[in-house]
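>>> for reference, the sequence and a predicted model appear below.
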Amino acid sequence: MIGKRPLAACAILLGLTMTLAACSSSPATPTESTHKDPIKIGFLGTLTGGSADVGQTGLDGAHIAIEEINEKGGIDGHLLEIVTKDEQLSPTQTVKAMRELAQEGVKYVTGFTSSADVIAATPIAEQNGMVIITAGATSTALTTTNFSKNLFEVASNTSMMNAAAAQLVATKWKNVKEWQNVGFDYVTGHVSWDEFQALTKKASPAVKFGQAVFYPLAGGQLSAYITSLISSNPSKTDTGLFVTTFGGGAVTFAKQAEPYKLFDKYAVVANVGGGEELAAALGADSPRIYYVHDYFYGAYDNAINNNLVAKWKERPKVGPKTHGPHSWLYEGYTATTAFAHAMEKAKSTDAKKVLEVLPGMKFDTAMGEAYFRAEDHILYAPVTAVECFGDAASEFGYKCENATSIPAKDVVPAPNPTKK
Amino acid sequence: MNVLPSIVSGLGDGMLLFLIASGLSVIFGAMRFLNFAHGAFFAIGGYLTYNFLSNLQLTPVLLIGGALLAGLGVAVLAYVSEVVVFRRLYKLPPIDSLLGTYALLLLLEGAILVVWGPNSLSVPYPKGLNSTVRIGSVDVPQYSLLLIAVGVIVVVAMTLLLYKTSLGLEVRALAEDRTMTQLLGVNISGVSAKVMLIGGFLAGIGGALAAPTIALTPDLATSFIIQAFAVVVVGGLGSFYGALIAAVVLGVTQSVVVTYLPSVSGIAFYATMFAILLFRPQGILGKSSLDIS
């Protein structure tokens, strides 16, 4: 005989399961009824764990885009609907989630934090006629060695951001005679530093390169890496620090570097590929750091960007508000609107026809007009640099100024898709 | 070649590891129970400190007060976990209890995401402890000195507790022979709950004191628990003082390797662990039979 307590527990579990199931697949704005089937957009992002901020912010962007599209009646009477899956920064989990999406009839997928996960997902997209427009992944490989006709990349890739940094070395940071490096100890960390050196040598042959440290992605105890940099005696007047870390690992490094006043020992600190999370976490104690990324919300004054920022402010948030909208919001929003633009251009919701119009498609983004370059599916869009520093009087304890938009023509590399 | 700066910075790092691992070691020493959820207790200690202190002009006294409060909060959580969850796991095979505590870790990680959100959060350094102080020819972070001091206080306090109180006697008896202790009339459940309370308090304090030096992220629990377990294993499973020595040895070795052999820094911590266990499989102060003392 089953007692009452196990039965009650089962009932609670069943209720929880049903609630979770309802949450994982729900129309964004079921405000009007339609006789046509909804178009499902898969959002496969890091929704839990240490990179949950990337996925959750990108998902916010996708939701805002879908709400706007559905408010206008959807695409030819079809409302858009988000189906969320957790990427968990795992190629294995990504493959599983992609297969589930394929079985659920989802043809359009966005999200993604890790390029390795995108590479794992691409064959499944090819096999099932799905279209991937990555939001957060930034590897140059996605448009070169791992190019696919089913894959498009919204975020500025590492080559674009390194090119932007090299251009700033030649123009804005001319006083810096030597650059040092802090990066994560993984492939992209090393590749970025090598690429930055190569690009800078071309534009500024006199610049030298010194101490480079690479620490684990997980962070941990990092004071030895910090003292290693200090022991190289950086100069306040002519040494620059090239930083390619991001997220919690970047914050942990900055927190442990704070007592040593490490960043104050450099003429310029450039965080390439990292967003404002460093300034947000350090708040009023944040040193002056340049952030080079695809997007900064304060840099673009146009209707799309202003609307995106306003809608983001209205959205409910979990946890303390520590910063403005991150570039992941722009990326999720842009990828999702790109699907809608492509369906409108193709005059069809059929993925095959959408795939035909995406290469070369021009559309308006929060940074102005952009297009997917036909040869390699890179988004031909600018890179943004902005300078942020601690300011106790500001809303989040830091202030950003001198935002610069570096045009796509100056940073997008020549097309080199080696896999067809 | 001046190796002193690396040694000093490694000492500070090691002491923080010890604060995290000490509770884990005490719990295993007394109860032969590997508690994966300890990582979540540590993380919640950090997040509670964020709640208590992030809007204040932080002073060292406030930080210590906040750390004690966080320690108490986490101790209560650990106590409740012991009564509701762990007590049901003690008699199961080790792999089952390990999975049970891991499930609790994941549950608490999910709770952190729901309560504090996905963004990185941080606690500022207290005024007066946000710089370095010159000792001889070495610049040492003032905060590292605080961590070293707290580590010493924890060692002294735990020594007094284990060897000068009746609870300590009961804990040592439990570590020696659980069945015999029960036959002698000791309330095993009560002692176990108190040990978990102490372990939780140490984890909370560790999380609180680590908070100014790290990013508080939803995966904090898992990122530190592995290193904490490594310290416990290298020190000798259940050996409190072994954990102290292991934390210092691993912290200092890692620091020196990063400075002088940066190309292998990624494996220094675990390579050291491997080397020690190769020669002393039972750990630095471990015995063939497990012993808290």
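Thanks, I have it.

>>> quick one, helices of the stretch 201-350 of chain A?
A:223-230, A:247-257, A:277-282, A:303-314, A:327-346 (DSSP state H, counting those that start in this stretch).

>>> want to throw those into CSV with distance to chain B and mean neighbour count?
All C-beta spots, glycine's among them, are computed from the backbone N, C-alpha and C. Output for the helices of the stretch 201-350 of chain A, formatted as CSV (distance: least, Cβ to the nearest Cβ, whole Å; neighbours: other Cβ atoms under 10 Å in any protein chain shown):
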stretch, distance to chain B, mean neighbour count
helix A:223-230, 4, 23
helix A:247-257, 3, 26
helix A:277-282, 4, 27
helix A:303-314, 14, 16
helix A:327-346, 11, 26
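
>>> possible to save these as CSV with mean pLDDT?
Formatted as CSV, the helices of the stretch 201-350 of chain A follow (pLDDT from 0 to 100):
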stretch, mean pLDDT
helix A:223-230, 87
helix A:247-257, 89
helix A:277-282, 82
helix A:303-314, 96
helix A:327-346, 97
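
>>> once you drop chain neighbours, what's closest to the residue in the stretch 251-400 of chain A positioned nearest to chain B?
Chain B sits closest to A:G319 of the stretch 251-400 of chain A, with a gap of 2.0 Å, by Cβ to the nearest Cβ. Distance criterion Cβ to Cβ, 6 or more residues apart in numbering or on different chains; nearest residue to A:G319, sequence neighbours excluded, is B:G117 at 2.0 Å.

>>> next, that neighbour: phi, psi?
Main-chain torsions, B:G117, degrees, to the nearest 10: phi 80, psi 180.

>>> quick check, pLDDT for it.
Looking at B:G117, its pLDDT stands at 92.

>>> go on, the one 4 residues further on?
Listed pLDDT for B:L121 reads 90.

>>> name the nearest residue to it, ignoring sequence neighbours.
Spatial nearest neighbour of B:L121, excluding adjacent residues (Cβ to Cβ, 6+ apart): B:L216 at 4.2 Å.

>>> for the one you found, what are its contacts?
By Cβ atoms under 8 Å, 6 or more residues apart in numbering or on different chains, the residues touching B:L216 are B:A43, B:G46, B:Y47, B:Y50, B:W116, B:S120, B:L121, B:S122, B:V123.

>>> filter those down to the ones in helices?
By the criterion of DSSP state H, membership of those in helices covers B:A43, B:G46, B:Y47, B:Y50, B:W116.

>>> which one of the residues you listed is nearest A:K362?
B:W116 (41.2 Å; Cβ to Cβ).

>>> next one: the closest one from A:K321, what distance?
12 Å (Cβ to Cβ, to the nearest Å).

>>> what of A:F296?
If you measure A:F296 against A:K321 using Cβ to Cβ, the figure is 18 Å.

>>> tell me the SS of B:G190?
Judged by DSSP: H, G, I helix; E, B strand; the rest coil, the three-state class of B:G190 is helix.

>>> pLDDT below threshold where in the chain?
Since no chain was named, I'll use chain A. A:1-35, A:419-420 (pLDDT under 70).

>>> hmm, I had chain B in mind actually
Using pLDDT under 70, the flagged stretches of chain B are B:1, B:288-293.

>>> hmm, 80 instead?
Applying pLDDT under 80 to chain B flags the ranges B:1-6, B:55, B:136-137, B:223, B:259, B:262-266, B:287-293.

>>> quick one: contacts for the closest residue to chain A within it?
Residue nearest to chain A within chain B: B:G117 (2.0 Å; Cβ to the nearest Cβ). Contacts for B:G117 (Cβ under 8 Å, 6+ apart) come out as A:D53, A:K317, A:V318, A:G319, A:P320.

>>> buried ones only from the residues you listed, please, as a PyMOL command.
To isolate the buried members of those in PyMOL, using 16 or more other Cβ atoms under 10 Å in any protein chain shown:
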select buried, chain A and resi 53+319
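
>>> can you list the contacts of B:G117 in TSV and add distance to B:R88?
Putting these into TSV (distance: Cβ to Cβ, whole Å) gives the following:
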residue	distance to B:R88
A:D53	35
A:K317	37
A:V318	31
A:G319	32
A:P320	35
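
>>> just the ones of the contacts of B:G117 in strands?
With strands defined by DSSP state E, no entry of the contacts of B:G117 lies inside them.

>>> check the contacts of B:G117 and tell me the two furthest apart.
Farthest-apart pair in the contacts of B:G117 is A:D53 and A:P320; separation 12.2 Å (Cβ to Cβ).

>>> so the residue of the stretch 251-400 of chain A closest to chain B is in contact with B:S120, correct?
No: under the criterion of Cβ atoms under 8 Å, A:G319 makes no contact with B:S120, lying 10.4 Å away.

>>> follow-up on the earlier one: tell me how far the residue nearest to A:G319 lies from A:P287.
25 Å.

>>> now do A:A385
Taken as Cβ to Cβ, the span from A:A385 to A:P287 is 16 Å.

>>> of these two, which one has the most company?
Using other Cβ atoms under 10 Å in any protein chain shown, the more surrounded residue of A:A385 and A:P287 is A:A385, with 24 against 20.

>>> who's in contact with that one?
A:A385 is in contact with A:A164, A:L168, A:Y290, A:Y291, A:V292, A:A403, A:T404, A:I406, counting by Cβ under 8 Å, 6+ apart.

>>> A strand includes it, no?
Yes: counting by three-state DSSP, one finds A:A385 located in a strand.

>>> quickly list what it is bridged to.
For A:A385, the beta-bridge partners are A:V292, A:T404 (DSSP bridges).
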